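Asks: quick one, structure for this:
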Amino acid sequence: MEYVAVLLPSLVVGLIFWFAMRAIFNADKSERQAEARAQAEADARAAQRPDGPPADRPDAESK
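Replies: Here you go, the predicted model:
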């Protein structure tokens, strides 16, 4: 029983750290997926525009 009392605080802190890191990585993955979807939608809208480059990307001639 003494071993449990000695190891339990370290195990609890380790589990808290594991859950926190997992939440951070899942949030990062979700953010990357959302950004990729938004970029794909912007590219699809840009491909549908017949009047030149998208407004957020000026063409090389205008520089």
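Asks: for the chain, what spans make up the strands?
Replies: In chain order, the chain shows no strands, with DSSP state E as the criterion.
Asks: the helices in it, which residues?
Replies: 2-48 (DSSP state H).
Asks: low-confidence ranges, it, go.
Replies: Across the chain, residues meeting the criterion (pLDDT under 70) sit at 51-63.
Asks: quick one: contacts for residue 5?
Replies: Residues in contact with residue 5 (Cβ atoms under 8 Å, 6 or more residues apart in numbering): none are found. To be clear about C-beta, it is placed using only N, CA and C from the backbone, and glycine gets the same treatment.
Asks: how near is it to residue 43?
Replies: Look at residue 5 and residue 43: by Cβ to Cβ, to the nearest Å, they are 58 Å apart.
Asks: before we move on, what about residue 8?
Replies: Residue 8 is 52 Å from residue 43, where distance means Cβ to Cβ.
Asks: ok, residue 21 next?
Replies: 33 Å.
Asks: could you measure from residue 33 over to residue 42?
Replies: For residue 33 relative to residue 42 (Cβ to Cβ), the value is 15 Å.
Asks: so which bits of stretch 27-38 are buried?
Replies: The neighbour-count check on stretch 27-38 (16 or more other Cβ atoms under 10 Å) flags nothing as buried.
Asks: can you offset everything so residue one is 58?
Replies: In the new numbering, first residue 58, that becomes stretch 84-95.
Asks: what's the offset of that stretch from the middle of its chain?
Replies: 4 Å (Cα atoms, centre = their mean, to the nearest Å).
Asks: what do you get for stretch 96-112?
Replies: Relative to its chain's centre, stretch 96-112 lies at 23 Å (Cα atoms, centre = their mean).
Asks: and if you look at stretch 61-69?
Replies: Centroid separation between stretch 61-69 and its chain, computed with Cα atoms, centre = their mean, is 33 Å.
Asks: so what's residue 83 up against?
Replies: By Cβ under 8 Å, 6+ apart, the contact list for residue 83 is empty.
Asks: where's it relative to residue 90, distance?
Replies: 11 Å.
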